[in-house]
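Chemist: model the structure of this input:
(2 chains)
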There are 2 protein chains.
Amino acid sequence: MDISGLLTSAGINISICAVLFSLYSVLRKQPSNASVYFTRRFISEPVGPDDPFGLYRFVPSAGWLMRAWKATDEELLEAGGVDAVVFMRIVVFSLRIFIIATVVCISLVLPVNYYGRDMEHKSLRVEPYDVFTIGNVQEGSRMLWAHCFALYVISFSAFVLLYLEYKSITKMRLAHITGSHPNPSHFTILVRGIPWSQDHSYSKSVENFFSTYYPDTYVAHQMVYRPSTVHKLKKDAKKMYRMLRPVETEYVVRGDKPCYLCGGTAHTFKVIRNGVDDFTSQTTIDELHPTQIEKECPAAFVFFKNRYAAVVAAQVLQSSNPMLWVTQLAPEPHDVYWSNLSIPYKQVWVRKISSLLCALAFVFVFCFPVAFVQGLTRPDVLTQWFPKLKGLLKNQFVNRVVTGYLPSVVLISLMYTVPPIMMLLSKIEGNVSRSERKRSACIKVLNFTIWNVFFVNVFSGSFIEQVSVFSKLQELPFQLARQMPDQAAFFTTYVLSSGWASLACELIQLYNLVYNFIVKFIVRSTKEPTNIALTFPHHTEIPRMLLFGLLGFTFAILAPLILPFLLVYFFLAFLVYRNQLLHVYVTKYESAGLFWPVVHNTTIFSLVLTQVIAVAVFALKLAPVASGATIPLIVFTLLFNEYCRKRFSQVFRRSPAQVLIEMDRRDEQMGREEGFYNQLRSEYCQLAYITKDLTISEDFSRAGPNRQCEDDRSCQDEDENSLRQGIQHIKLQK
Amino acid sequence: MDISGLLTSAGINISICAVLFSLYSVLRKQPSNASVYFTRRFISEPVGPDDPFGLYRFVPSAGWLMRAWKATDEELLEAGGVDAVVFMRIVVFSLRIFIIATVVCISLVLPVNYYGRDMEHKSLRVEPYDVFTIGNVQEGSRMLWAHCFALYVISFSAFVLLYLEYKSITKMRLAHITGSHPNPSHFTILVRGIPWSQDHSYSKSVENFFSTYYPDTYVAHQMVYRPSTVHKLKKDAKKMYRMLRPVETEYVVRGDKPCYLCGGTAHTFKVIRNGVDDFTSQTTIDELHPTQIEKECPAAFVFFKNRYAAVVAAQVLQSSNPMLWVTQLAPEPHDVYWSNLSIPYKQVWVRKISSLLCALAFVFVFCFPVAFVQGLTRPDVLTQWFPKLKGLLKNQFVNRVVTGYLPSVVLISLMYTVPPIMMLLSKIEGNVSRSERKRSACIKVLNFTIWNVFFVNVFSGSFIEQVSVFSKLQELPFQLARQMPDQAAFFTTYVLSSGWASLACELIQLYNLVYNFIVKFIVRSTKEPTNIALTFPHHTEIPRMLLFGLLGFTFAILAPLILPFLLVYFFLAFLVYRNQLLHVYVTKYESAGLFWPVVHNTTIFSLVLTQVIAVAVFALKLAPVASGATIPLIVFTLLFNEYCRKRFSQVFRRSPAQVLIEMDRRDEQMGREEGFYNQLRSEYCQLAYITKDLTISEDFSRAGPNRQCEDDRSCQDEDENSLRQGIQHIKLQK
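Modeler: Numbering: from 1, shown residues only, chains lettered A, B, ... in the order given. Next comes the predicted model:
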């Protein structure tokens, strides 16, 4: 590909982006699209279609860009929580490091590459892309020091920025923990692997265990029930409701009473007053439903008097059989992934291994379509596969589109199937919280992307060739060094098409837009669609960002021409994601920055890969001194990573006792709110979540509307209402 | 090598062993050698040379073998603690699994190998060794199913035995924890990374921190001082003692008073009564020695009221900066490696990495002498190196000795330099306990042995060749499959020479015997040498056992002729080590079975390697079905390992809360002994250990005489006495 081919691709993408951005600025002004583009605000106060009709609604504008630019981190934190800020830090970090890299590489490395060989330069427009890569530098050239210097500057800037980011995110995580409202998950642990006893129920076992070993701090517990039990209950309730629908509901006294299943307060159920609440005793449930005992899972939430007690119970090894009484801090109530709680703990390790193997198998199977896509970039291969295209490909424009643009589009379309599959695997894995599931999926997608987009495309051979490349490990850096400059053109167009266009798609929210349109103008439903509120898809967006980071680092000194395009991408990403996080995505649960260690490790991996490739490139270019000078940099990078791991990563795995004890003392001084432990228990009521309750529990929600709607878009108001009323009637009959 | 060569080697070794075993049985009867062969008993009650002279003392006997055979595990546990029993379990496990392997392989695999090819068999005596290996089986033979079946039998027997061993050792470890005497290390944690404060000393910081966050359970603490400070103190004391030697020591009132450094009771120092003991306050030391503050290290032992409190403080993350207030359960008092405690915690990770790199470098550098040794096994290479030997090598006997026996001897001699170097590296690493240092050295020696004895000898080429073999990972199993049958003869002689002879050497204790002889009969010292008491060298013996295990597994189906020799080795090892553990080695500290996970993992590694080699061998022998049938076995082995890891390994890393709480309750019911916390503190008194106190502290010693003598054999009674008295005088002058 020559420069004009690149410009064609850039031109196509710039026009697509311009059109889509303008379209977005118009669409967002239509009141009927409020549920698509202002989902966050829309959910708390649905806007009616009472806006006056005006011409301004159809004129593209750029005001939203300015507002996104001006928004502060505090606004973002309030809107999207720590995870949103962490995501934006990835973008900001990438922007910063690639501004430095662009300045250094365009001013220093690019001229060295361009004038690296004694040759007559043609007009810049028809100059082939290769002239701008390191491939153009003469072997044994003394100018390779420029590349080595640039690599040092980039690496050390990255160290400083990474360290500062890790530090500030650790601080943010601690600030989130110490946040003003008492978080129920700090007082709660999740116990799995409760041993089976013939004499009494799991519930009794839990009570015995914790009241024996934690007599001073144990408050209560909440069993987890088999999903089938809960679903059967739901079905019965629905049936009952239908039977009893004609009966007046006057008998029902409304009030905040113990929940049917757990004895805690369930905001969504109205039950008959039946005497005094007996909170700490578990007899209520056992007495009411003797058969229920069989339906318990060997898992429970246990509540403690203070945070420190909970953290101790979570971090200490409980039993001499490590497969029994396995404890961990409970996820936040809205973060709990109920259906996975019923998985016996003994199964979890087998599931983890199986899903890992499945993910690996999927990665390898996916190589075949990717190899096909790679064939598209080469006109000779293409005409070999489809001889009829020969004539068409002679047309210069068609040729450029087909070889420069089509492969990326096909690749991106294929890639859309990956996140759902990885999400499914992470579900099978048995993760007990949604954020953990998403994090696990994020890591899987990330590994998939690095392998299937980066490595497979670099080697661009058949599947067998790629595998054999990896089996000769000492050859790998040299293979990369040989192949990468040639693939620079492909990856530049990939940044243009996958990067820029994906941002425009993200902005438009095509799926929701069409869904909204169908509901409102074709089905003509009078109800507003309420199930389009999504949490931010970290598991697709973080791997995308990190892939572009990897491309930026590895190509920075090999083919610096990719950097300006990347920089534009990150700048647009900054504006677009800020806008989306502020207006579109809702925050249902928080991992409080758990994604950052993944980002940090991947960036270190990118840096080391870059440096290893540089060593190989310098060796191939017969510059042993430059090659040798890069090796200490690799060592330093690994040491830096080890230091960061020691210094920060523990805080992302365990809560520090000092902080929690101080919070407990502050709480004690201020006095705990009345009914706090009751609230705790109702927060972890399984039925409330299974029925996909839409009530916003204000007590603990720190940031934004905490909705308990499932990700699978299947909330059905009708169903819920029938269910609730059905349950009332069941209670009524007792 | 043919069978007669093998028999020559076996003959030499059997005679050497017989001579040395007889020699041992005579030497052990000499009263003057009691300190060498009955060190354990000798230390508690030195035997005088009052034994009557009799002929029986010079007649070899086998009674000791019978006594070793008849000793029970309980006796062993009492004599050598859990670690001794764990070591014997390795031997027993190896015996059991190789009895099964020998039966299966000799009855099934060996005939298949021998008759595997249509050929005329010569007399058994001159039959080459290769005829008994899998190399003799025809390609595409249907009889390879025998090998596959044997592999399955061996693997599944190993799983069952490994599981049972892991289970019983876990039980033993828990029994050790719950043992009757309160162990001071259960009440104590080691804190490192105490933050520096300008206002007050480290000691004050520790007191503030723990009395703030653990007000109910914190008892006291004991700072660690710089070794230079303690040594200066020792020097001053010595000087003072020499000056004051003529003065009568009547002024000194003997009594159990606070220690000079820590305020605790130091049994070895006699100081003047100076009022009431103020145990919990740290003012004593600060007031007495203002300059001492500068000499504190940022590390301390902190004592808690009960075990559970200590384990919580040890397992919970204390501070939001994970490099500060780093806690872990303290090692047992005699296990503390004082000189490493003064290493700042921030340095530890750098030291770990550096020592790992040094160990790696050492492993690679060691390849060169090993390659030289390999040259010795081939007469052609030998005559090429030393042309003058040509004539000598024509003599059949000399040839057999040089090619069959000498290489192993040279290799073993070289190997003797490895453990001290690895021990040094483990010291540099910054381990805070002797048992941890030994365990770390054990792992290093193990990796070294597997690489430098097994792999390097199998590939037996030049260094560069070996490295290139490892870089083509998918080729590795095939290379192993090709090379291993050829190297079977070498490894069989290795078992004979290294294995059998090393056991005889172990029995004779040559170093101590000579040292004892010199002290008694040449120097004519009247004192008994007291510094020859050694702890069991796990770091050399466990890798040796595991190497022979690896050889047994990998050669079992390839060259089953090695198995009978191995079996004899393990049987002799069973008797010899039992004898040595009962009579020779002293138990100064306990890791309570921490070596077992290393053994388990290595055995799993050996099994997987065996299976991978089998897959490659079957593939090379054109038996794809047998090859494919072995792959599920590999998967099953890995799953089994993962299960064991989940099921058992946690108990080896953290103490279970349930067990500790129950012990605390039992203690409470029985009432804690008077002065227990005072004792706790004196147990962790640094000066007492630095001066190499020989007093046996009876309070906590569970098994055998706990001596605090250093491993480096430099205890000097004279020195100590002068030091003690000097310190009294310093105190006197204050």
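
Chemist: in the stretch 251-400 of chain A, what residue comes closest to chain B?
Modeler: The nearest approach of the stretch 251-400 of chain A to chain B comes at residue A:322, 3.6 Å away (Cβ to the nearest Cβ). For the C-beta atoms, the positions are set from N, CA and C on the backbone; glycine is no exception.

Chemist: how close does that residue get to residue A:218?
Modeler: Residue A:322 is 21 Å from residue A:218, where distance means Cβ to Cβ, to the nearest Å.

Chemist: what of residue A:7?
Modeler: Taking Cβ to Cβ as the measure, residue A:7 and residue A:218 are separated by 69 Å.

Chemist: more neighbours: which of the two?
Modeler: Neighbour count, other Cβ atoms under 10 Å in any protein chain shown: between residue A:7 and residue A:218, residue A:218 has more, with 21 against 13.

Chemist: quick one: what helix or strand has the closest residue to the more buried one other than its chain neighbours in it?
Modeler: With sequence-adjacent residues excluded and distances taken as Cβ to Cβ, 6 or more residues apart in numbering or on different chains, residue A:218 is closest to residue A:210, at 4.2 Å. Per DSSP states H and E: residue A:210 is located in helix A:202-213.

Chemist: what lies in contact with that helix?
Modeler: By Cβ atoms under 8 Å, 6 or more residues apart in numbering or on different chains, the surrounding residues in contact with helix A:202-213 are A:191, A:194-197, A:200, A:218, A:221, A:223, A:282, A:285-286, A:293, A:296-298, A:300, A:302, A:313, A:318, A:325, B:657-658, B:661.

Chemist: and for stretch A:141-157?
Modeler: With Cβ under 8 Å, 6+ apart as the test, stretch A:141-157 has contacts from A:96-97, A:100-101, A:104-105, A:108-109, A:112, A:116, A:134, A:137, A:553, A:556-557, A:607, A:610-611, A:614, A:617-618, A:621, A:623, A:626, A:629-630, A:633, A:636-637.

Chemist: that older thread, which element is encountered next along the chain beyond the helix holding residue A:210?
Modeler: Once the chain leaves helix A:202-213, the next helix or strand it forms, by DSSP H and E, is strand A:218-225.

Chemist: give me the neighbour count for residue A:38.
Modeler: 16.

Chemist: pretty sure it contacts residue A:583?
Modeler: Yes: in this structure residue A:38 lies within contact range of residue A:583 using Cβ atoms under 8 Å: 5.1 Å.

Chemist: ok, residue A:137 - contacts?
Modeler: Applying Cβ under 8 Å, 6+ apart, one finds that residue A:137 lies in contact with A:112-113, A:116-117, A:143-144, A:621.

Chemist: can you give me the strands for chain A?
Modeler: Using DSSP state E, the strands of chain A run over A:188-192, A:218-225, A:296-304, A:326-329.

Chemist: you'd agree the residue of the stretch 251-400 of chain A closest to chain B is up against residue B:648?
Modeler: Yes: using Cβ under 8 Å, residue A:322 is in contact with residue B:648, at 7.4 Å.

Chemist: can you pull out the helices in the stretch 1-150 of chain A?
Modeler: Taking DSSP state H, counting those that start in this stretch as the criterion, the stretch 1-150 of chain A carries its helices at A:3-27, A:34-37, A:39-44, A:63-70, A:73-104, A:110-114, A:144-177.

Chemist: quick one: buried residues of the helix holding residue A:210?
Modeler: A:202-203, A:205-207, A:209-210, A:213 (16 or more other Cβ atoms under 10 Å in any protein chain shown).

Chemist: list of residues touching stretch A:656-669?
Modeler: Residues contacting stretch A:656-669 (Cβ under 8 Å, 6+ apart): A:174, A:177-178, A:182, A:186, A:306-308, A:311-312, B:213, B:316-320, B:325.

Chemist: quick check: mean pLDDT of it?
Modeler: Mean pLDDT, computed over stretch A:656-669, is 87.

Chemist: buried set for that stretch?
Modeler: Under the neighbour-count criterion of 16+ other Cβ under 10 Å, stretch A:656-669 has A:656-664 buried.

Chemist: thinking again about what came up before, mark which of the contacts of stretch A:656-669 are buried, thanks.
Modeler: By 16+ other Cβ under 10 Å, the contacts of stretch A:656-669 give A:174, A:177, A:182, A:186, A:306-308, A:311-312, B:213, B:316-320, B:325 as buried.

Chemist: out of those residues, which sit inside helices?
Modeler: Mapping those onto helices (DSSP state H) picks out A:174, A:177, A:307-308, A:311-312, B:213.

Chemist: quick one: least confident of these?
Modeler: Among those, pLDDT bottoms out at residue A:177, giving 86.

Chemist: so how far is residue A:167 from it?
Modeler: 16 Å.

Chemist: so which residues on the stretch 101-250 of chain A come close to chain B?
Modeler: A:170, A:174, A:213 (Cβ under 8 Å from any Cβ of the partner chain).

Chemist: can you list those residues in CSV and add distance to residue B:451?
Modeler: CSV is the format used below for those (distance: Cβ to Cβ, whole Å):
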residue, distance to residue B:451
A:170, 39
A:174, 44
A:213, 46
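
Chemist: which of those residues sits closest to residue B:428?
Modeler: When those are compared for distance to residue B:428 (Cβ to Cβ), residue A:170 wins out at 30.6 Å.

Chemist: didn't the closest one look like it was pressed against residue A:650?
Modeler: No: if you go by Cβ under 8 Å, residue A:170 and residue A:650 don't touch, sitting 9.7 Å apart.
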